[in-house]
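> dropping the sequence and predicted coords here.
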Amino acid sequence: MGGYVFPNEIHVNWGLFIVLYPYITGLVAGAFIVSSLYHVFGVSDLKPVSRLSLVSALAFLFGAPVPLLLHLGQPLRAFNIMFTPHLTSAMAGFGYIYSFYMIICLLEAWFMFRKDLVIFSQKKKGFAKRFYSLLTLGAKDISPEALHTDHKVVSVLAVVGIPSACFLHGYVGFIFGSIKANPWWSTPLMPVIFLLSAIVSGIALQILVYSVSCKVRKVEIDIPCLVAMNKYLWTFLIFATTLELLEILHMGYEGKSEWDMVRGLITQGIPVSYLGVQMGLGILTPLVLLPFGRAKRRSDGVKKTLTVACGILVLIGVLAMRFNVVIGGQLISKSMAGYAQFHWTLLSDEGVIPTLGILAFPVVMTLVLVRILPPWLEERKVQIADSKVTPLSARWELKGSGK
Amino acid sequence: MEAETGQKTRMSQKAVFRVGVVLVCALVVFGIIRQLSVPKSFGQYGYYRGDNVQEWVSMDQTFASGNQVCAQCHAQEVQEAAQAEHSQLDCQSCHGPMQDHVKQPNQVHPRVAGNVDLCGACHRVMVGRSKDNIRTVQVGSHSGGLDCIRCHDPHQPYAKIGGGR
C-alpha cells in the first residue's frame, strides 16, 4: 500500500454512511421482490411472508435516505437536487426514483391493508381509532366489490413495483458503474451486480425477519415457506456470484493497464473484506450450506438453523460487498500509482457507532410498522389451515415434483 | 337494479379516488415549495443562481494583490524573502489576508505564529505530497517539539542555520 496519491484523495470522502446507502436500498429492493414473488408470480409457498416483506420493504425504504442525509451534513440541501435537478447528473435522479418507488410501495401497502385499517378504525378506541380513521383517508367501504378493486390495484402496483425496484437499485449501481475514471467501479455490469446482490440480501433479510417474528410471536415457522426462501436465496446467489466473478475474471484476463491497480487492491487493500468476508463467508459458505438446509432428509431443526445461519452470512457478505465497492473504489488513486488508506473510527467522521445506529433505524422502523400494520392476521389462519391439509415438511417436495 | 350496481361501483372506486386526490395534493405542495424555494435568478446565466455573480463582484477584497504591495512598506523583508527558498510564496500564504492591514497599517497588526501547524501545513509528510515537489519532514521528530522558527527564519529558512544548502 502507499505509493503516490493525489492530495484530494488522501481523505476517503465517502465513508461508512455511503456504504449503508446501497446496502439499505438493496434490502428494500430485495424485500419487495420477495413480496412480489407471491403477489405477481404466484409462488404460494411465500404467502406467509408476502405481507411481512412488503411492510419491511417499506420500513427499510424509510431508512434508505438517512445515511445520505446525514452524510450531507446539512440534510435540507437534499431538496435542492429535487428542485433543480441537472439532466447530466446521475445523482440527481435519486430523489425522483426514490420518491416514485416510495409512492408505489406506500400505495401497495395501503391498498393491501385498507381492509385492516377500516376494521381497526371501527374496533379501536380513542387515539388509535382516530389514527386509523385518518389512515383510511375516509375510504371505509369494505364491501366485496371494494375489496376486489383493492385487490386489482394491488396486483397492478405489484407489477409496476418490480421494474421500479429494479430501477431503483440498478440506478444505485449505475452511479458507481458510470464512473469511467475508476477501474474498480466502471463496468456496465455494475447495475446488474447490484441488483442481484440486492435481491440476495433482501431474501436473506426476509428469512431473518420472518424467523425472528415467528420466534417472538411463538408461532411455528412455516417450513415450506422457509425452504422456498432457501431455494430462491441459493438460486439468486448463484446468479449474483456468477456476475461478480465474471466481472473480476474478465478484468483480469483482459489485463488492461488498470488491472495491476485492481489486483493490488484485492490482494493488499481489502483482502479480508473482499476475499474473506464477501467471497468466503458471504458467498462460498452459504452456497455450500444452503442445499443442506433444504434437503429432504434433514429435520426441521436443521433446516431452520442452516437457512437462518446462511441468511445471516449472506447479509454480512453483502454488507462487505458494499463496503468493498464504495470504500475500495476510493482507495485506488487516479494517479494509478498508489493507494489511499481507509481509517476506521468509532464516533467521529462517519464512525462505526453512528453507522450501527443508522443500520438500526430501519429495524426499529420495521418494529413500529409491524405494530401499526400487523401483517400476520390472515397468515396465522392460513398456517393452521395448511398444516391440517399436508404435513408441513412434505409440501415443498410435493410441489417441486408435481409441477 | 342497474342504478344500484352503478352506485356500488362508484362506492368501490372511492378508495382509488381519494388516494388520487392525496397524490395530486402532494404534487401541488411540492410544486409550491419548489416555487418558493428556488431563487428567482436561478438559470439567468446558467445552471446556478444568477445573483451569485453580483454577490461575488460586490464582495470586499480580503487579500492584497501580491507581494509588490507589501514591498511598498516592507522592502527589506520582500527582498530577503525573494532571495531565499520561499521566494515563490506569496507573503499572504503565511500571513493570511492583509487587505485591511494595507489600508490601515498602524491599526491592524495581524500576527502569525511560526509554529508546527503553519509550517507543517506545507512541509508535513503526507501520502499525497511528493518529495519531488516540496521538501517534507516528519514534523514531530524533526523539530523535537520546538516551533519551527526557533531554528528556521520563515523568510529565509536556512539563514539562521548556516545559509542555504
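Cool, got the structure.

> wait, what's in contact with residue A:89?
Residues in contact with residue A:89 (C-beta atoms under 8 Å, 6 or more residues apart in numbering or on different chains) are residue A:81. (Each C-beta comes from the backbone N, C-alpha and C, glycine too.)

> okay, it: pLDDT?
Residue A:89 carries a pLDDT value of 89.

> so where's the chain shaky on pLDDT?
Picking chain A for this. Across chain A, the ranges flagged by pLDDT under 70 are A:1, A:377-403.

> please refer instead to chain B.
Short version for chain B, where the test is pLDDT under 70: B:1-13, B:162-165.

> domains in it, as residue ranges please.
Residue ranges for the domains of chain B, per automatic domain parsing: B:64-111, B:112-165.

> out of these, which comes closest to chain A?
Nearest of these to chain A, taken as C-beta to the nearest C-beta: domain B:112-165 at 3.7 Å.

> what count of nearby residues applies to residue A:88?
Residues lying near residue A:88 (other C-beta atoms under 10 Å in any protein chain shown) number 7.

> hang on, I meant residue A:115
17.

> is it in contact with residue A:142, as I believe?
Yes - Residue A:115 is in contact with residue A:142 according to C-beta atoms under 8 Å; the separation is 5.2 Å.

> contact residues of the stretch 251-400 of chain A facing chain B?
Contact residues, the stretch 251-400 of chain A versus chain B (C-beta under 8 Å from any C-beta of the partner chain): A:338, A:340-341.

> among those, which ones are buried?
A:338, A:340 (16 or more other C-beta atoms under 10 Å in any protein chain shown).

> which residue ranges of the stretch 201-350 of chain A form helices?
A:223-254, A:259-264, A:271, A:285-292, A:300-331 (DSSP state H, counting those that start in this stretch).

> next one: stretch A:53-64 to chain centre, how far?
9 Å (C-alpha atoms, centre = their mean, to the nearest Å).

> got the buried residues for that stretch?
Neighbour-count burial for stretch A:53-64 [16+ other C-beta under 10 Å]: A:53-64.

> would TSV of those residues with distance to chain B and secondary structure be doable?
Formatted as TSV, those follow (distance: C-beta to the nearest C-beta, whole Å; DSSP: H, G, I helix; E, B strand; the rest coil):
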residue	distance to chain B	secondary structure
A:53	22	helix
A:54	17	helix
A:55	18	helix
A:56	22	helix
A:57	19	helix
A:58	16	helix
A:59	20	helix
A:60	22	helix
A:61	16	helix
A:62	16	helix
A:63	21	helix
A:64	19	coil
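
> if we can go back for a sec, which members of the residues of the stretch 251-400 of chain A next to chain B are positioned in strands?
Counted as lying in strands by DSSP state E, out of these, are residue A:338.

> mind putting the residues of the stretch 251-400 of chain A next to chain B in TSV, distance to residue A:127 included?
Output for those, formatted as TSV (distance: C-beta to C-beta, whole Å):
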residue	distance to residue A:127
A:338	60
A:340	53
A:341	53
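
> go through the residues of the stretch 251-400 of chain A next to chain B and say which is closest to residue A:77.
Minimum distance to residue A:77 across those is 25.7 Å, recorded for residue A:340 (C-beta to C-beta).

> so the closest one is in contact with residue A:10, correct?
Yes - the pair residue A:340 and residue A:10 qualifies as a contact (C-beta under 8 Å) at a distance of 6.1 Å.

> what touches both of the two?
residue B:127.
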